[in-house]
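Asker: here you go, sequence then predicted model.
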Amino acid sequence: MNDKAHSKIASKNLTFLIITIFATMTFMLQVCSALSTIKGMGTLNNIQYTIFQLKITVTNDLFGKHNYLYNIFNYPLIPISIGVIYNIYIVVKNYINENKTRA
């Protein structure tokens, strides 16, 4: 591969990194706002975290049994997975090109 191809791959990886940073900031801001809302509203019952989302269950005992469910989706997973797929594609493409030039 030449230097132009290396810089193109590096710039795409930097783009995926920047998008991942913004997605992580969005995710953490949503977590912080949900937790600050919980602080004034009631008691925290349950926190469930899967790879795709965070579920927070809150019960407000002041006005009876009111349950609030906060779903926060894992946005950073999207650009990370796209970046991984892109890098696997580049590795496979380079491997195939090297085998073609050797034969």
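Answerer: That came through, no problem. Numbers count the residues shown, from 1 in each chain.
Asker: partner strands of the helix or strand of the chain with the lowest mean pLDDT, parallel or antiparallel?
Answerer: Here the helix or strand of the chain ranked lowest by mean pLDDT, DSSP states H and E is strand 66-73, holding a mean of 74. Strand 66-73 has its sheet partners listed here by DSSP bridges as strand 53-60 (antiparallel).
Asker: buried stuff in the strand it pairs with?
Answerer: Going by neighbour count (16 or more other Cβ atoms under 10 Å), the buried part of strand 53-60 is Leu54, Ile56, Val58. (Glycine included, C-beta is placed from N, CA and C.)
Asker: please name the residues that touch the nearest residue to Tyr75 once chain neighbours are set aside.
Answerer: Once flanking residues are discounted, Tyr75 sits nearest to Ala23: 4.1 Å by Cβ to Cβ, 6 or more residues apart in numbering. Going by Cβ atoms under 8 Å, 6 or more residues apart in numbering, Ala23 touches Tyr75, Pro76, Ile78, Pro79.
Asker: next one: the residue nearest the centre of the chain from Ala5, what distance?
Answerer: With distances taken as Cα atoms, centre = their mean, Pro76 lies nearest the centre of the chain, 1.4 Å away. Distance, Pro76 to Ala5, by Cβ to Cβ, to the nearest Å: 27 Å.
Asker: ditto for Thr24
Answerer: According to Cβ to Cβ, Thr24 stands 29 Å off from Ala5.
Asker: what about those two, which has more around it?
Answerer: A direct count of neighbours by other Cβ atoms under 10 Å for Thr24 and Ala5 places Thr24 higher, at 15 against 11.
Asker: downstream neighbour of the helix or strand in which the more buried one is found in the secondary structure list?
Answerer: Using DSSP states H and E, the element containing Thr24 is helix 3-41. Next along the chain after helix 3-41, taking DSSP H and E as the criterion, comes strand 43-49.
Asker: would you mind listing the buried residues in that next one?
Answerer: For strand 43-49, it's none, nothing buried (16+ other Cβ under 10 Å).
Asker: name the helices or strands packed onto it?
Answerer: Counting contacts by 3 or more Cβ pairs under 8 Å, 6 or more residues apart in numbering; DSSP states H and E, strand 43-49 packs against strand 53-60.
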